[in-house]
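# okay, structure incoming, though there's no sequence with it:
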């Protein structure tokens, strides 16, 4: 695809620092954040495994997982057609049409779209916030990505559990202030938390993200991993962050 003729007004190409991949984004709508990149570094997709990303936005997680893992095939599900269109064009731009599918659809209907027990791995960077009062229409694309407007935590976890094969793995990034609710919801749907990693902006600050790996039908045993520190000083990433980004 000609890189000079794929961008629509207000769109840009960003370098992903992996395999020379690039991604199309529109800063007036919604751009991926560090949380998506960290999830792509935390998740594991093994050889011959099929992976699905729920609420894929512009396709950042499937594209990065294709670059970082040996997974066989990756699918992204996204309800907003404009974001899904950008994701599809990014997939084609990177010559990944054989490895990544982008599907327009509702997370709440995911198991009906794809069928039960159809993936080895499910990932999600879902909306974190429950309060969306006062939002106006121009804010909607960003709001849908950040607030539980079109899907709830229950929807994401329920559908992930349905679509995972026995002993399949679910990876999610979320906010620590909802951790009790998250763990309760995961176990409710037979997704046993196995790994948990807190993300701190600085070593002396409280965590602002949490990464979780769950096993479908697993036994109760949780490993809390060493925390991930983002900055070693103002505007300077730690070595671990540079490694995850591929700089």
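Sure, I can see it. Because the structure is predicted, anything quoted here is derived from the model rather than measured.

# tell me the buried residues in the helix ranked longest in the chain?
If you go by DSSP state H, the chain has its longest helix at helix 81-93. For helix 81-93, a neighbour-count test (16 or more other Cβ atoms under 10 Å) marks 83, 84, 85, 86, 87, 88, 89, 90, 91, 93 as buried. No exception for glycine: its C-beta is placed from N, CA and C like everyone else's.

# now render those residues as JSON lines, adding distance to residue 180.
Converted to JSON lines, those look like this (distance: Cβ to Cβ, whole Å):
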{"residue": "83", "distance to residue 180": "31"}
{"residue": "84", "distance to residue 180": "33"}
{"residue": "85", "distance to residue 180": "37"}
{"residue": "86", "distance to residue 180": "35"}
{"residue": "87", "distance to residue 180": "33"}
{"residue": "88", "distance to residue 180": "38"}
{"residue": "89", "distance to residue 180": "40"}
{"residue": "90", "distance to residue 180": "36"}
{"residue": "91", "distance to residue 180": "37"}
{"residue": "93", "distance to residue 180": "41"}
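
# what's the first helix or strand after the worst-scoring helix or strand of the chain on mean pLDDT?
Least confident helix or strand of the chain, by mean pLDDT, DSSP states H and E, is helix 140-146 with a mean of 54. As assigned by DSSP states H and E, the chain's next helix or strand after helix 140-146 is helix 153-163.

# mind listing what's buried in that next one?
153, 155, 156, 157, 158, 159, 160, 161, 162, 163.

# and the two most separated of those residues?
Distance extremes for the buried residues of helix 153-163: the farthest pair is 153 and 163 at 16.2 Å, using Cβ to Cβ.

# which residue ranges of this structure form helices?
Counting by DSSP H, the helices of the chain are 34-42, 60-68, 81-93, 110-114, 140-146, 153-163, 179-188, 239-245.
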